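Participant: sequence and predicted structure below; questions after.
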Amino acid sequence: MSGQAPKHTSEEDSSGSDSGSEVSLEPETDRFGFILTNGSTSVGVGPPPELVRQRESKWINIIRQWDHILLKKSSKVKEQCQKGIPASLRAKCWLLLCGASEKMEQNKNLYESLDSQPGLQSWVDIIERDLDRQFPFHEMFQSKDGHGQRGLFRVLKAYTQYQPDEGYCQAQGPVAAVLLMNMPAQEAFWCLVQISEQYLPGYYSPLLEGVLFDAALLTWVLKRTCPAAHKHLQQHGVEPLMFATDWLMCLFTASPAVQHSPPSLGPLLLLWCASAPAGGSSAGATSPGTCRATKEVSGSGGDSRNTEGRQGTTPRRR
């Protein structure tokens with residue numbers, strides 16, 4: 001997505017803006033495009049330019065030899081993903097890593113066809129009501145008529161036409177929004193398709209069977225990797241579905257650290273980059289990385305108020 005460059009730029013900037021053309025009127029933003037308000041300051045400064053250039057060089061080499069490296073040196077790709085993909089190459093790399101590039105090539109002009117159709121009005125109305133809920137502090141999504149919200153509408157509407165049996169699920173909104181921060185609408189659509197079909201199958205279906213499976217998987221993994229945290233949660237009757245539903249369905253985009261100002265998008269992007277090569281793996285396998293926070297809760301003197309009353313709500317099937 002092209003757009004007005006944010007006032008603060010760096011090697012890891014966001015890709016779009018709904019700011020006005022007058023420089024003096026532009027709100028101050030961080031390197032990801034989030035508007036800084038109430039004296040808030042940018043979270044993190046990003047890697048030094050020389051390190052970014054080094055990583056860009058490695059990724060350019062990987063892209064040039066993609067077919068060979070994918071077959072012979074997958075460990076090299078995973079290693080680079082875990083370090084983070086530079087913003088300048090993130091769109092290209094995500095498309096390759098998740099298979100969206102190949103999917104798009106196999107379905108030439110399909111997105112344009114879906115985009116040109118009006119869509120089912122019942123889905124259109126619901127999607128439109130949800131647009132301004134996605135990242136309200138990000139410059140791309142500030143304006144109802146801005147290119148961020150317009151692009152988000154197009155991607156989500158097209159998905160309801162591509163998968164009419166699934167339609168629209170509220171949890172897809174923030175996922176699609178993060179994709180749009182990094183790439184144009186067509187590429188974001190095909191990445192969303194791959195996420196829904198290959199990474200999170202059954203997450204956005206009417207029965208949400210993929211979410212239920214991964215919640216059970218999370219319980220098992222927590223018991224094996226964080227037994228103290230698992231025991232603490234069990235003692236207070238806290239099940240994964242009570243707190244992890246938003247993590248799983250929204251791919252961690254619904255975290256308060258990401259949605260509210262000042263946000264912290266860096267860790268989310270790093271997590272997505274690190275998970276990208278894992279094609280069919282579930283989000284539940286990633287969630288135990290959050291058990292460090294749960295361990296802190298279990299060491300807080302046993303105050304059940306730290307876990308009770310913090311139950312997540314399942315993003316609604318619309």
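Facilitator: Good, I have the coordinates. Since the structure is predicted, the reported quantities are computational estimates derived from the model, not experimental observations.

Participant: so what's the closest residue to Gln117 other than its chain neighbours up against?
Facilitator: Spatially, and ignoring its direct neighbours in sequence, Gln117 is nearest to Gln161 (6.1 Å; CB to CB, 6 or more residues apart in numbering). Placement of C-beta: from N, CA and C, glycine included. Contact analysis of Gln161 by CB atoms under 8 Å, 6 or more residues apart in numbering lists Leu114, Gln117, Gly119, Leu120.

Participant: low-scoring stretches of the stretch 201-318 of the chain, by residue?
Facilitator: 255-267, 278-318 (pLDDT under 70).

Participant: what ranges do the helices span in it?
Facilitator: Remark: helices assigned in the stretch 201-318 of the chain by DSSP state H, counting those that start in this stretch are 209-225, 227-235, 240-243, 245-249, 256-259, 265-275, 291-298.

Participant: of all these, which one is nearest Met104?
Facilitator: Nearest of the helices of the stretch 201-318 of the chain to Met104, taken as CB to CB: helix 265-275 at 18.8 Å.

Participant: so which elements touch the closest one?
Facilitator: helix 74-83, helix 87-98, helix 172-180, helix 256-259 (3 or more CB pairs under 8 Å, 6 or more residues apart in numbering; DSSP states H and E).

Participant: and the ones you listed, which is most packed in?
Facilitator: helix 172-180 (a mean of 26; mean count of other CB atoms under 10 Å).

Participant: grab the nearest non-local neighbour of the residue sitting nearest the centre point of the chain.
Facilitator: Nearest residue to the geometric centre of the chain (CA atoms, centre = their mean): Val175, 4.3 Å. Closest residue to Val175 apart from its sequence neighbours, by CB to CB, 6+ apart: Leu251 at 5.3 Å.

Participant: how close does the residue nearest to Gln117 sit to Leu114?
Facilitator: Distance of Gln161 to Leu114, computed by CB to CB, to the nearest Å: 5 Å.

Participant: cool, Lys231 as well?
Facilitator: Applying CB to CB, the value for Lys231 to Leu114 is 49 Å.

Participant: and for Tyr199?
Facilitator: 21 Å.
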